[in-house]
Structure formats: structure tokens, C-alpha cells
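Student: The following block contains a protein sequence and its predicted model.
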Amino acid sequence: KQEVTQIPAALSVPEGENLVLNCSFTDSAIYNLQWFRQDPGKGLTSLLLIQSSQREQTSGRLNASLDKSSGRSTLYIAASQPGDSATYLCAVRGNQGGKLIFGQGTELSVKP
Amino acid sequence: GAGVSQSPSNKVTEKGKDVELRCDPISGHTALYWYRQRLGQGLEFLIYFQGNSAPDKSGLPSDRFSAERTGESVSTLTIQRTQQEDSAVYLCASSSRQGPSYEQYFGPGTRLTVT
């Protein structure tokens, strides 16, 4: 059974810092991995999707990497801003079906 | 174009009542998913529709939960005889089969409170 873990559960940083969020999964037979952002009381916004054959994806100040064999992904946020404050969720899609298995999330707070 | 929409945005119901939650996927998306997020917990998969294939119901927590989808459009999630542990945010997502990614796009959710 696939399990997804995110570390740390919460993170507080001053504005301008670069930071890394971690995601690990137990079953390396994945189809893809998605990183999402969730603001309080809102739905999920897709940030980046990495196919199982890819090593990384970049969008603006965000860079996500994937090491499928070791069951790890990282989300790197450069030059953090207060507007980046949110909960970041990692989710994996297996090869056998469409559902996503989510981690518990990392709650990020960027202080001005 | 328009994103995934869900209604109602909030629903308060008494224990024992039935509720229906609605999801309108992105036009042209053949796959539709329901998840729920209970307070302080992660997102849990409930059910997945892909075109005309039989739905994957493996995440439904009990037989009080059911879902239907009309073709490749609207879906309704029905919870019968609601219990307090059903209180959660119910999220719907859709994805397209075009291209390799199957990227899922989420709606804003329905917050269900069972009193």
C-alpha cells in the first residue's frame, strides 16, 4: 500500500530565504507526482507535475525534483515571499489507477 | 476556460439526513475524482470515474456513500443517513486523457457540517 510522507509538517522562514520541502513515498511504481498548494478554506492549486520518467520540473521560482528509485521528491522555493504562505501537498498517482495518494502537507509561513 | 465547480460551497445538515453534493468538471475532461479532507487530516480518495468504464469505488468508506456521473459531465456524491464523522470538505477534481500527464485540477470544495 502506497504511503506518502511530508517533512517538515510546518516551517516558518523569513522573507527572501530559499527553502526545500520534502516528500517521500513507499512504492516507487508511480505514474506521476504532483505538488499542490492549498490556501486556508480553499481548494487545491496544482503547482507542478513530474512524470515518472522525468527528474525535475520548473515553474518560475519553483523547482520540483523526483528520484523515483529512492522514493523521494523535493519542492524548492527560491526567494520566498509572504504570499507563498500556504500548505503544500505532495501526491502520487500509481500505475494501476487514477487516484492520487496524498501526504499530510507542509504548512509554510513566510514572515515579512 | 472555467475550472471545476462544486455546489453548494457550504452545507449544514442534521445527523441522519441525506445530502447531495454536485461537481461540474472542466469541459472535455473524461476523468472525475472525489476526495474528502477531514479536519486535521490528509486528503482521502473516495471514487474515480473514467469515461464509460466502471468507476473505482475502492475509497468509499461505507455503503452510505454513493456517486453517479452523467456521461462525461456532472457528478453527484450522495451521503445517506449522515453521521458526525462525515463532516469534512469534499473535493472534486477532473483530468483529461489528452497528453500523458493526467494532471488533476481541483474545485473549491463543499464544506459539509453534520450537527
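Tutor: Now that the structure is in, tell me what you want to look at.

Student: what's the closest non-adjacent residue to the residue most central in space within chain B?
Tutor: The residue lying closest to the centre of chain B (Cα atoms, centre = their mean) is B:Trp34, at 3.1 Å. Of all residues not flanking B:Trp34 in the chain, B:Leu46 sits nearest, at 4.2 Å (Cβ to Cβ, 6 or more residues apart in numbering or on different chains). Any C-beta I mention is one placed from the backbone N, CA and C, and that applies to glycine too.

Student: Just to check, that neighbour is in contact with B:Ser66?
Tutor: No - using Cβ atoms under 8 Å, B:Leu46 makes no contact with B:Ser66, being 10.3 Å away.

Student: Contact residues of chain A facing chain B?
Tutor: A:31-32, A:34, A:36, A:42-46, A:49, A:51, A:89, A:91, A:93, A:97-105 (Cβ under 8 Å from any Cβ of the partner chain).

Student: Filter these down to the buried ones.
Tutor: A:31-32, A:34, A:36, A:43-44, A:49, A:51, A:89, A:91, A:93, A:98-105 (16 or more other Cβ atoms under 10 Å in any protein chain shown).

Student: Near chain A, which residues of chain B? Just list them.
Tutor: When proximity is defined by Cβ under 8 Å from any Cβ, chain B lies next to chain A at B:4, B:31, B:33, B:35, B:41-45, B:48, B:50, B:56, B:58-59, B:91, B:93, B:95, B:100-109.

Student: quick revisit: so which of B:Leu46 and B:Ser66 has more stuff around it?
Tutor: B:Leu46 (22 against 13; other Cβ atoms under 10 Å in any protein chain shown).

Student: right, and B:Asp24 touches B:Thr70 too?
Tutor: No - shown here, B:Asp24 and B:Thr70 do not form a contact pair, counting by Cβ under 8 Å, at 10.7 Å.

Student: So for those two, which sits in the more crowded spot?
Tutor: B:Asp24 (18 against 8).

Student: Would you mind measuring from the nearest residue to that one once chain neighbours are set aside to B:Pro108?
Tutor: Among residues not flanking B:Asp24 along the chain, B:Ser5 sits closest, at 4.5 Å (Cβ to Cβ, 6+ apart). Counting by Cβ to Cβ, to the nearest Å, the gap from B:Ser5 to B:Pro108 is 8 Å.

Student: So which of the two has more stuff around it?
Tutor: Neighbour count, other Cβ under 10 Å: between B:Ser5 and B:Pro108, B:Pro108 has more, with 18 against 15.

Student: That one contacts A:Lys42, correct?
Tutor: Yes - assessed by Cβ under 8 Å, B:Pro108 is found in contact with A:Lys42 at 6.3 Å.
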